[in-house]
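Novice: Predicted coordinates and the sequence they were generated for:
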Amino acid sequence: MEVKKISDHSYAAHLEDGRVFTLATRGDDGMDFMPWRYTEHNWETLPFAVRGERVVPFGHDNLLPSKLRDIMDDNNLAPGVLERQLGLIYGQGLYLYQLNYQDGEIVREWVQDREVENWFWSWDAVSYAKGALSDYLHLKGFFNGCYLERGSRIGLRPRIARLEHIPAKNARLEWVDSHDIRDVRHILVGDFERACVGTGIRKYPVYDRRDPGRYAASAAYNRTYSFGRDFYSVPQFWGTLRWIIRGSEIPTIFKYVTDNGLNLAYHVHSPQAYWDAKREMLRRIHPDWAADDAKIEKEIARMTGEFLKSLTSVLSGKENAGKFFHTVDVIDPDTGKPVTWSIDPIDQKIKDFVESQLKISEASSGAITSGMGLHPALSNLIINGKLASGSELLYAFKLFLASDTEIPESTVLEPVNQAIAFNFPGKDLRVGFYHRAVHTEEATSAKDRIKNE
């Protein structure tokens, strides 16, 4: 048996009888980045050394963000699900609001304030929010930098000039022996994917929420706590990674089987006695070949090729109707049984193979969307051959807004709202993601409905 690696996680086993099997493995033959390795132990127990600095490792090899990126890049569904979640949470964009009480309920009153808005847009808050939200959806946490205005250096009241999203693959927490994230004093920034070679490591003090003007430049790690983890959080689809990888492998398996499968329709059984008789005939016709087996076998090979070529023309082609294959059976004098040719059709079971792979693909699609916390109706996933109805979409969307947006929004925009409170005390303003209300066609007036031109 010969085993060939066809992708990062799948192999093809070629058997001696021509059959090919595909399989996935969780072996340790160099594939240390496999996601289940991340679930076998707590990688936060020991520090990781990078250019003389001790950091809290992000993954057992300190490369979890990069490895997760590669896994997502190979999948046809997961990136779209995350992109859809980002769009649903982001809504129509960033706007200022105040909280008010109406009829015993807390409501947002969307307002305009030019002073806050001018500061807000001066440092491209939209790009910051989108980057932070993307990291949060992938990793349930994100890093950001905070920079003060230069006036604080000459004695003026400190103000936050801008916030900056720091990609998660480029930032790590400084190690603390207490294993308490509250004791972390610095955040280290550099190209950790390449061991910070060429970039070095920039060390930022951790942002002080009680005194935002303490440092001219600082950084923060913002997260939603993951159960049982001291430092970094992991995404809610952590347990779904195996399904994501399995779903990514199916197109590769299909391609490999198509490119390398035997695709045989018939198995031709050739009797040995037939070819032995041919050899004897050649020796009689060519007495000078009697002692030269090489010439005899060369001629046998030529005759075999000619015979199989003619046989192929009979068994294949769209115009093979009415063709036939003729042989003369010979009686074996030793056994008294006929020595015959036989041609057996081969059932390649391609249909069964394709159906089984498609079932795996369908199961992985359902597992991915449910594990990522998005209703199949909102991910455009086809279930049992049909898309979700309009009412299913509407109720799924309303449920998502009611239950799945508050935590991501409050976490991603908390640094911005802290900056607003620090820069503009007394204004009692916050920034949030605005979502336009969606109604059914029945609840929409005729003049506001989408018309087919």
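Specialist: Ah, there it is.
Novice: what sits against the residue nearest to P212 when sequence neighbours are not counted?
Specialist: Spatial nearest neighbour of P212, excluding adjacent residues (Cβ to Cβ, 6 or more residues apart in numbering): F422 at 4.5 Å. For glycine as for every other residue, the C-beta is placed from the backbone atoms N, C-alpha and C. Counting by Cβ atoms under 8 Å, 6 or more residues apart in numbering, F422 makes contact with 159-160, 212-213.
Novice: Just the buried ones among the residues you listed, please.
Specialist: 159-160, 212-213 (16 or more other Cβ atoms under 10 Å).
Novice: any idea how far the residue most central in space within the chain lies from Q236?
Specialist: Compute the mean C-alpha point of the chain, and by Cα atoms, centre = their mean the closest residue is M72, 2.3 Å away. In this view, M72 and Q236 are 14 Å apart by Cβ to Cβ, to the nearest Å.
Novice: What of E117?
Specialist: 33 Å.
Novice: Could you do L82 as well?
Specialist: From L82 to Q236 the distance is 11 Å (Cβ to Cβ).
Novice: shared neighbours, these two?
Specialist: M372.
Novice: what about these two, which has more around it?
Specialist: Between L82 and Q236, counted using other Cβ atoms under 10 Å, the more crowded position is L82 (19 against 14).
Novice: Who are the contact partners of the closest residue to that one other than its chain neighbours?
Specialist: In space, and not counting its chain neighbours, L82 is closest to L137: 5.1 Å by Cβ to Cβ, 6+ apart. Neighbouring residues of L137 by Cβ under 8 Å, 6+ apart: 82, 85-86, 89, 235, 408.
Novice: tell me which element W243 is part of?
Specialist: helix 241-260 (DSSP states H and E).
Novice: correct me, but T340 touches P271?
Specialist: Yes - the pair T340 / P271 is scored as a contact, 6.5 Å apart, by Cβ atoms under 8 Å.
Novice: Compare the two (neighbour count), which wins?
Specialist: Per other Cβ under 10 Å, whichever of T340 and P271 has more neighbours is P271, with 17 against 13.
Novice: which element is V431 on?
Specialist: Going by DSSP H and E, V431 is in strand 430-433.
Novice: other SSEs contacting that strand?
Specialist: Counting contacts by 3 or more Cβ pairs under 8 Å, 6 or more residues apart in numbering; DSSP states H and E, strand 430-433 is packed against strand 94-102, helix 406-423.
Novice: what is the mean pLDDT for the last one?
Specialist: Spelled out, that is helix 406-423. Average pLDDT, helix 406-423: 94.
Novice: and that helix, how far out from the chain's middle?
Specialist: Taking Cα atoms, centre = their mean, to the nearest Å, one finds the center of helix 406-423 at 29 Å from the center of the full chain.
Novice: Any buried residues in that helix, and which?
Specialist: 408-409, 411-416, 418-420, 422-423.
Novice: ok, now stretch 81-101?
Specialist: 81-82, 84-86, 88-91, 94-96.
Novice: What separation is there between Y221 and A129?
Specialist: 17 Å.
Novice: Who are the contact partners of F192?
Specialist: 50, 58, 62-63, 169-172.
Novice: Can I get the residues you listed in CSV including secondary structure and distance to G200?
Specialist: Converted to CSV, those look like this (DSSP: H, G, I helix; E, B strand; the rest coil; distance: Cβ to Cβ, whole Å):
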residue, secondary structure, distance to G200
V50, strand, 10
F58, coil, 18
N62, coil, 16
L63, coil, 18
K169, helix, 16
N170, helix, 12
A171, strand, 14
R172, strand, 14
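Novice: Of those residues, which is the most crowded?
Specialist: R172 (29 neighbours).
Novice: any idea of the mean pLDDT for stretch 114-130?
Specialist: 93.
Novice: Now do the phi/psi pair for D74.
Specialist: Torsion angles at D74 (phi, psi; degrees, to the nearest 10) stand at phi -80, psi -10.
Novice: Got the confidence number for D230?
Specialist: 89.
Novice: from what I can see it touches S178, true?
Specialist: No - taking contacts as Cβ under 8 Å, D230 lies outside contact range of S178: 9.3 Å.
Novice: ok, the two, which is more surrounded?
Specialist: Using other Cβ under 10 Å as the criterion, D230 and S178 rank with D230 on top: 15 against 9.
Novice: Pop out the phi and psi values for that one.
Specialist: phi -80, psi -40.
Novice: which ones are touching it?
Specialist: 44, 179-181.
Novice: how near is it to N42?
Specialist: 8 Å.
Novice: distance of the residue of the chain most remote from its centre from K295?
Specialist: In the chain, the residue that sits farthest from the middle, by Cα atoms, centre = their mean, is P287; the gap is 69.3 Å. To K295, P287 is 12 Å away according to Cβ to Cβ.
Novice: K140 contacts V234, correct?
Specialist: Yes - contact between K140 and V234 holds when scored by Cβ under 8 Å: they sit 6.2 Å apart.
Novice: Unless I misread the structure, K67 falls within a helix.
Specialist: Yes - under DSSP: H, G, I helix; E, B strand; the rest coil, K67 falls within a helix.
Novice: quick one: it from F48, how far?
Specialist: From K67 to F48 the distance is 15 Å (Cβ to Cβ).
Novice: ditto for W175
Specialist: Applying Cβ to Cβ to W175 and F48 gives a distance of 8 Å.
Novice: Now the common contact residues for those two.
Specialist: 54-56.
Novice: Mind putting the residues you listed into a markdown table with neighbour count?
Specialist: Compiled in a markdown table, the shared contacts of W175 and F48 are given as follows (neighbours: other Cβ atoms under 10 Å):
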| residue | neighbour count |
| --- | --- |
| R54 | 16 |
| V55 | 22 |
| V56 | 23 |
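Novice: mind listing the helices for the chain?
Specialist: 35-39, 64-73, 78-90, 114-122, 125-139, 241-260, 272-285, 293-315, 350-371, 390-403, 406-423 (DSSP state H).
Novice: I'd like these written out as a markdown table, with distance to A13 added.
Specialist: Shown next, in a markdown table, are the helices of the chain (distance: least, Cβ to Cβ, whole Å):
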| stretch | distance to A13 |
| --- | --- |
| helix 35-39 | 21 |
| helix 64-73 | 24 |
| helix 78-90 | 28 |
| helix 114-122 | 59 |
| helix 125-139 | 34 |
| helix 241-260 | 11 |
| helix 272-285 | 30 |
| helix 293-315 | 28 |
| helix 350-371 | 14 |
| helix 390-403 | 42 |
| helix 406-423 | 44 |
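Novice: Good, we can wrap up now.
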